[in-house]
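Enquirer: Below is the sequence, then the predicted model.
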Amino acid sequence: MNSASDISVIIPLYNKASSIERTLRSVLGQRVLPREIIVVDDGSTDDSASIVERIGSPLVQLLRQENRGVSAARNRAMAQATGRWVALLDGDDVWEEDYLQEVERLIAAYPDCGAYGTGFWVETDGHRTMGDFPQQEGVVDFFRLAMSHYVLIPSATTLDRELALSLGGFPEGMRMGEDQYLWTKIARAARVAFLPRAVAVYSRSAENRSVAIYRAEQSAYSLEDLYDAKADAMSNEYVARVALGKALVECVRGGTAEAERALNFFAYNRLSHRIERKVRLFNTLPKGMRGWAYNIYNWLAWHIARKGL
């Protein structure tokens, strides 16, 4: 095995004892090894950190902190890293054995980008399906493609470390949309390259995905911060779509005021009216009805789509 000396792997960790060893083994089994693997245990209350220690690899550094959220954990890992590039990986996802090799190839072919994304599998209870990602390789129009596909997701994204830190890193305290917050800032400042091959595996069976454990946010950051009248119009459309998607989750889980605020602020959008209408619809329902109504809506939409209607 060779060492990808300019790539550091960063992993935020919170209560993932059932999956973190598999995640780390997928990195240690790479055809091209990273410079280092930095795991930040964000106040886990289970055996996660002990499992990391037992692996005993000299490549793995374990840092511990009180629970401050995934953004704080990623930011600390980025600050600690020594590689020019940081490859993001969550503690319940894995990589195919040639992931870092393919990322190195992408960096060499399209140098000086701010972010590099790859295709990915979606794994649910051991069953894999192909993710919804673009089918073109190279430097891409991030905001245009991200309106309909996943160009960057955390476990299939590698960032220019210094650029990400100079832009403030991930917004600490934000529980949904924190990834897209940073993607927006990076894509406005630098190019984004993409590899349309599924070499990462995103797990939908995770113990603590942010949407599954939604709580009202307490953060100094907001997606509203990203609106910029001087920026490319499509980037503002992307921000609106992310914010309205977040508002939909918030309203379904009872965040009426948060959803209403997003509807008012992001009313400028021209390309996300379907999501906007869904938010308005569910926000009118009694809070106790929203969850099951949303599930029925999605079930009907899925069956209608299957019939080609």
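Expert: All right, it came through fine.

Enquirer: okay, CA-based contacts and neighbour counts for the rest of this
Expert: Will do.

Enquirer: What ranges does the stretch 1-150 of the chain have for its strands?
Expert: Here the stretch 1-150 of the chain has its strands, by DSSP state E, counting those that start in this stretch, at 2-13, 32-42, 60-65, 85-88, 94-95, 115-124, 127-130, 138-140.

Enquirer: and S148, how far is that from G117?
Expert: 15 Å (Cα to Cα, to the nearest Å).

Enquirer: actually K287, not the one I typed
Expert: In terms of Cα to Cα, K287 sits 38 Å off from G117.

Enquirer: Give me the more crowded residue out of those two.
Expert: Taking other Cα atoms under 10 Å, K287 and G117 do not tie; G117 has more neighbours (27 against 15).

Enquirer: Wait, that one touches Y150, no?
Expert: No: here G117 does not reach Y150: they are 9.1 Å apart, not a contact under Cα atoms under 8 Å.

Enquirer: Show me how this structure divides into domains.
Expert: 2-211, 230-306 (automatic domain parsing).

Enquirer: Pick the most deeply packed of those domains.
Expert: domain 2-211 (a mean of 19; mean count of other Cα atoms under 10 Å).

Enquirer: can you list the domains of the chain in a markdown table and add mean pLDDT and distance to Y221?
Expert: Below are these laid out as a markdown table (pLDDT from 0 to 100; distance: least, Cα to Cα, whole Å):
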| stretch | mean pLDDT | distance to Y221 |
| --- | --- | --- |
| domain 2-211 | 95 | 6 |
| domain 230-306 | 94 | 13 |
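
Enquirer: residues making contact with stretch 128-146?
Expert: 106, 110, 119-123, 149-151, 187, 191-196, 198, 234-235, 238 (Cα atoms under 8 Å, 6 or more residues apart in numbering).

Enquirer: Distance from the chain centre to it, please.
Expert: 14 Å (Cα atoms, centre = their mean, to the nearest Å).

Enquirer: end to end, how far does that stretch reach?
Expert: End-to-end for stretch 128-146, by Cα to Cα: 22 Å.

Enquirer: ranges for the helices of the stretch 201-309 of the chain?
Expert: 233-252, 256-265, 273-283, 287-306 (DSSP state H, counting those that start in this stretch).

Enquirer: Output the ones you listed in a markdown table; the columns should cover distance to P34.
Expert: Formatted as a markdown table, the helices of the stretch 201-309 of the chain follow (distance: least, Cα to Cα, whole Å):
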| stretch | distance to P34 |
| --- | --- |
| helix 233-252 | 32 |
| helix 256-265 | 40 |
| helix 273-283 | 40 |
| helix 287-306 | 41 |
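
Enquirer: Looking at the ones you listed, which is nearest to L223?
Expert: Smallest distance to L223 across the helices of the stretch 201-309 of the chain (Cα to Cα): 6.3 Å, for helix 233-252.

Enquirer: and that closest one, what does it pack onto?
Expert: Packing partners of helix 233-252 (3 or more Cα pairs under 8 Å, 6 or more residues apart in numbering; DSSP states H and E): helix 142-146, helix 178-189, helix 256-265, helix 273-283, helix 287-306.

Enquirer: can you do 7 Å?
Expert: Packing partners of helix 233-252 (3 or more Cα pairs under 7 Å, 6 or more residues apart in numbering; DSSP states H and E): helix 142-146, helix 256-265, helix 273-283.

Enquirer: returning to what we had before: looking at the helices of the stretch 201-309 of the chain, which is closest to E102?
Expert: Comparing the helices of the stretch 201-309 of the chain by Cα to Cα, helix 233-252 comes nearest, at 27.6 Å.

Enquirer: ok and the closest one relative to helix 178-189, angle-wise?
Expert: Orientation check (axes from the mean of the first three to the mean of the last three Cα atoms, to 10 degrees): helix 233-252 against helix 178-189 gives 170 degrees.
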